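# following is a predicted model, sequence given first.
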Amino acid sequence: MQVATTIAPVRALIRALPGPVAFVPTMGALHDGHLSLVDAAREHAAGIVASVFVNPLQFGPTEDYAKYPRDYDGDFAKLAAAGVDVLFAPDATAMYPTGFSTTVDIGPMARVFEGEIRKTHFAGVVTVVSKLLNIVQPDVLVLGQKDAQQTSVLRKLIRDLGYPVDVQIVPTSREPDGLARSSRNAFLTPEQRAVAPTLYAALLGMRDALLAGKSKYDATAETDRRVVDRVAELAEKHGAPRVHIALAWLLQKQPVTAPIIGATKISHLEDAIGALSINLSQDDVAYLEEPYVPHAIVGHQ
């Protein structure tokens, strides 16, 4: 695998690759989900390019840019073993030199759901992907389905600006318990990690009940029962107060999931927590009221 850290050298390396060329953009701290994108890329192209760049433009001032996991040596080894031909690993200066001021705005789609909470996030995502596409000029762009809104935003970017690239969306890679694989999962406490798959399980339960022909009311009730049972199981294993705090954290720190869950009636889940009759300490309340910092519980990378 050949590596470049600036634009002109990586373009030269890419020009020497056999076509078609597929591109897998990442922010590093790679896991099996990222590597599944490389596997998918190989199905569509002869040459594979990947990037590792923690993009500062997509992080808000109170978010976790400085703490975002970084493991360049590990990433290099994984991408080389996966058969990537060229790795582009720029720093912020290479991507955003002095005087850089151009950004891309795709409109209202970037200002709902996650965009409503993270006001500048998608402008940063769209800007960096636009620049990467101009640098790499791939035939195929490979993205993970886990970042559902992001894939829609990037499809719109490519359609609106006429990039000559085929977009391939790869199904979400999950842990055995259903949690979507994410670099930020490393931030979770044991209690948060135990609770994290609960919302995904609720979504699956709702889907299965509706497909089985149950009414929305009955499907919601059945989903709520599953969540209550899961919370009780975790409470017994990890200690009720700690699980209560973790699940409350999940609901409050992931407000973007509320409109997605919809029919599961997140208020019912809150009622289920309340039914445990556990009082929060002042320290617990302060923790839950901390400014929102995104973590990948059901969704983003």
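Looks like it came in fine. Residues are numbered from 1 along each chain as shown.

# quick one: the strands in the stretch 51-200 of the chain?
Assignment of strands within the stretch 51-200 of the chain using DSSP state E, counting those that start in this stretch yields the ranges 86-88, 140-144, 166-170.

# in a markdown table: these, plus mean pLDDT, mean neighbour count and distance to residue 58.
From N, CA and C alone the C-beta is placed, and that goes for glycine too. Shown next, in a markdown table, are the strands of the stretch 51-200 of the chain (pLDDT from 0 to 100; neighbours: other CB atoms under 10 Å; distance: least, CB to CB, whole Å):
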| stretch | mean pLDDT | mean neighbour count | distance to residue 58 |
| --- | --- | --- | --- |
| strand 86-88 | 98 | 25 | 17 |
| strand 140-144 | 95 | 23 | 15 |
| strand 166-170 | 93 | 17 | 19 |
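
# now the longest helix seen in the chain: mean pLDDT?
If you go by DSSP state H, the chain has its longest helix at helix 216-238. In this model, helix 216-238 carries a mean pLDDT of 73.

# what is it packed up against?
Applying 3 or more CB pairs under 8 Å, 6 or more residues apart in numbering; DSSP states H and E, one finds that helix 216-238 makes contact with helix 190-195, helix 198-211, helix 240-253, helix 266-274.

# list the buried residues of stretch 176-195.
In terms of neighbour count (16 or more other CB atoms under 10 Å), stretch 176-195 has its buried residues at 178-185, 187-188, 191-195.

# same deal with stretch 25-37?
Those would be 25-31, 33-37, for stretch 25-37 by 16+ other CB under 10 Å.

# repeat for stretch 61-76
63, 68-69, 75-76.

# can you give me the end-to-end span of it?
By CA to CA, to the nearest Å, the extent of stretch 61-76 from end to end equals 29 Å.

# over to stretch 179-196?
Using CA to CA, one end of stretch 179-196 lies 7 Å from the other.

# also stretch 16-27?
25 Å.

# stretch 16-31 now?
Across stretch 16-31, first to last residue, CA to CA, it's 28 Å.

# state the mean pLDDT of that stretch.
pLDDT averaged over stretch 16-31 gives 96.

# quick one: distance of that stretch to the chain centre.
For stretch 16-31, the gap between its own C-alpha mean and the chain's C-alpha mean amounts to 18 Å (CA atoms, centre = their mean, to the nearest Å).

# kindly report the same for stretch 41-60.
14 Å.

# show me what contacts the residue nearest to residue 139 when sequence neighbours are not counted?
Spatial nearest neighbour of residue 139, excluding adjacent residues (CB to CB, 6 or more residues apart in numbering): residue 20 at 3.7 Å. Neighbouring residues of residue 20 by CB atoms under 8 Å, 6 or more residues apart in numbering: 44-47, 138-140.

# that older thread, quick check, nearest of the buried residues of stretch 176-195 to residue 116?
Nearest to residue 116, judged by CB to CB, of the buried residues of stretch 176-195 is residue 184 at 19.8 Å.

# would you confirm that the closest one contacts residue 69?
Yes: the criterion here is CB atoms under 8 Å, and residue 184 meets it with residue 69 at 7.3 Å.

# and the helices in the stretch 51-200 of the chain?
72-82, 92-95, 114-117, 121-136, 148-161, 190-195, 198-211 (DSSP state H, counting those that start in this stretch).

# now the nearest residue to residue 166 once chain neighbours are set aside: how far from residue 129?
What sits nearest to residue 166 in space, not counting adjacent residues and going by CB to CB, 6+ apart, is residue 140, at 4.9 Å. Noted for residue 140: a distance of 14 Å to residue 129, by CB to CB, to the nearest Å.

# now flag whichever of the buried residues of stretch 61-76 is closest to residue 159.
Of the buried residues of stretch 61-76, the one sitting nearest to residue 159 (CB to CB) turns out to be residue 63, at 28.3 Å.

# now the stretch 201-301 of the chain, which segments are flagged as low pLDDT?
228, 231-232, 235-236, 238-301 (pLDDT under 70).
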